[in-house]
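Asker: Requesting a structural model of the entry that follows:
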Amino acid sequence: MSSLNAWLIRIEETAARVLLAAIVVLVFLAALTRWFDYPIIWSIDIAQLFFGWICFLGADTALRQGRHIGMDVLIRLFPVRFQRTVGFFLDILSIVFLVIVTYYGFKLSIINWERRFNTIEVSYSLATLSVPVGCLLMLRTMVSRMMFARSEAPAPVDDSGERPAGSW
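Answerer: Numbers count the residues shown, from 1 in each chain. Purely as a prediction, here's the structure:
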């Protein structure tokens, strides 16, 4: 299971990098061609599509690395056991939230199936699908993080050698 998870993480991070590079190139080319009075009218739609996916792929990467914003000034004043209990409760709330957003994200994608982007013949559902897919990826991360926290194994270490902030 961990090799499948590692493979999925590599795909996710590679996709985010490729999409970000594509947006940079696309926006640069659109600005350049606009300067020569030959605008690429479909560039905005493609950039919007890619940006939605980058946001949710990046949100999962940030969650996995414990880089989402958090306020732990008060909670650190309490004993470790209480901190873990609060962390567990907050993770459960996060999972409930992600399940709800996933459900409504899929509903939104179905509703948007026939809607098209203005300049390209692509369903807008492809953009809204980033919401439930990104939430499913974050659910996978949350469950994985909770499994590490509940076992006696230490929390995974990120690239900097530190444990993610959210690992309790």
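
Asker: Please make it C-alpha for all contacts and neighbour counts, starting now.
Answerer: Will do.

Asker: Show me which residues of the lengthiest helix in the chain are buried.
Answerer: Secondary structure assigned by DSSP state H gives helix 2-35 as the longest helix of the chain. By neighbour count on 16 or more other C-alpha atoms under 10 Å, the buried set for helix 2-35 is 9, 12-13, 15-16, 19-20, 23, 26-27, 30-31.

Asker: So which of those residues is the closest to L90?
Answerer: Nearest to L90 out of the buried residues of helix 2-35 is I9 (C-alpha to C-alpha; 23.6 Å).

Asker: what's the spacing between the closest one and S3?
Answerer: Using C-alpha to C-alpha, to the nearest Å, I9 is found at 10 Å from S3.

Asker: same question, S144
Answerer: 13 Å.

Asker: so F106 is in which element?
Answerer: Assessed by DSSP states H and E, F106 sits inside helix 80-111.

Asker: what is the mean pLDDT for that helix?
Answerer: Averaging pLDDT along helix 80-111 yields 95.

Asker: give the contact list for W53.
Answerer: 16, 127, 130-131, 134 (C-alpha atoms under 8 Å, 6 or more residues apart in numbering).

Asker: Try it again at 6 Å.
Answerer: By C-alpha atoms under 6 Å, 6 or more residues apart in numbering, the contact list for W53 reads S130.

Asker: Can you list the low-confidence ranges for the protein?
Answerer: For the chain, the stretches with pLDDT under 70 are 1, 152-168.

Asker: Since that was my last question, I'll sign off now.
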